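This is the structure alone, sequence omitted:
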């Protein structure tokens, strides 16, 4: 396969080795260098597929030292593949600064999509997928964790987190306390032999893992968005009463509906009712 110079961000399996895409195999076979989060993990994957390629370590601990070396090779026309231990690089993995600096230098960056624990958990959770927010790992300290959860409480989207198994029970308990009675999913060891997807209310899940203890493996949490509260029409009625004193019914209804972002049809019906209830002077 003829491979153009540039940086290739390559997704690797999150558990099942057969989830490596055919295009990823082509890129990994044809590139000049592979920058891996942990070369030992990547070497095992390469052994499965019979790949032999030069591996260099690129992770949070050595990125400042290794990034200039990789960028120099890219500027010289090299074809470099960036991989994480599992899944898609840059999603709670190192790589963002490398991509950023490569783009700033005018170098080509290509995405080779594939496995992602985030998307795998989301699509099998059975929760709304039209809008979701991924925030990576929550803070390990309870106070900071609850503060972050409080800031996310009103977000009208499904929430997705990664969590360490040893903190799962206490994180779920904090979520139940801060976010309320929401449906949630704990997805563990996705695509692996002992994959486990457990569904329930946050409080029930917290109680379960409080009893059973920390599970093994990688954990992804998916939490339903907040329920839409019933509209409060009390303020609308107060404004309608004031507006109807000097405006026609339709104009008053339009004004109040637009101001409060409420259904015009409902506000108009209430305006008509109020007009009939108002005694003639």
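Done, it's in. This is a predicted model, so every value here is computed, not measured. Numbering: from 1, shown residues only.

looking at this, residue 139 is in a helix?
No: going by DSSP: H, G, I helix; E, B strand; the rest coil, the assignment for residue 139 is coil, not a helix.

got the contact list for it?
Counting by CB atoms under 8 Å, 6 or more residues apart in numbering, residue 139 touches 145, 147, 148. Every residue, glycine included, has its C-beta placed from N, CA and C.

Work out for me the element residue 97 sits within.
Assigned by DSSP states H and E, residue 97 belongs to helix 96-104.

Buried ones in that helix, by neighbour count?
98, 99, 101, 102 (16 or more other CB atoms under 10 Å).

from the residues you listed, which is closest to residue 65?
For the buried residues of helix 96-104, the minimum distance to residue 65 (CB to CB) is 12.4 Å, reached by residue 98.

and the spatially closest residue to the closest one that is not a sequence neighbour, how many residues sit next to it?
Among residues not flanking residue 98 along the chain, residue 67 sits closest, at 5.5 Å (CB to CB, 6 or more residues apart in numbering). Using other CB atoms under 10 Å, residue 67 is surrounded by 18 other residues.

surely residue 67 meets residue 97?
Yes: using CB atoms under 8 Å, residue 67 makes contact with residue 97 at a distance of 6.4 Å.

that older thread, mind checking the SS state of the residue nearest to residue 98?
helix.

okay, it: pLDDT?
Residue-level confidence at residue 67 comes out at 96, pLDDT.

For residue 82, see how far away it is.
Between residue 67 and residue 82 the distance is 11 Å, computed by CB to CB, to the nearest Å.

Which stretches in the stretch 101-250 of the chain count as helices?
For the stretch 101-250 of the chain, applying DSSP state H, counting those that start in this stretch gives helices covering 117-125, 142-152, 168-179, 202-212, 234-243, 249-260.

These: which one's closest to residue 12?
Here helix 117-125 is closest among the helices of the stretch 101-250 of the chain (CB to CB), at 11.8 Å.

can you list the residues that contact the closest one?
Helix 117-125 is touched from outside by 14, 86-87, 91, 129, 132, 134, 158, 160, 162, 185, 187, 190-191, 197, 199, 218, 220-222, with contacts defined as CB under 8 Å, 6+ apart.

Could you check it and say which residues are buried?
For helix 117-125, the neighbour count (16+ other CB under 10 Å) marks 117, 118, 119, 120, 121, 122, 125 as buried.

mean confidence for stretch 106-123?
The predicted model gives stretch 106-123 an average pLDDT of 96.
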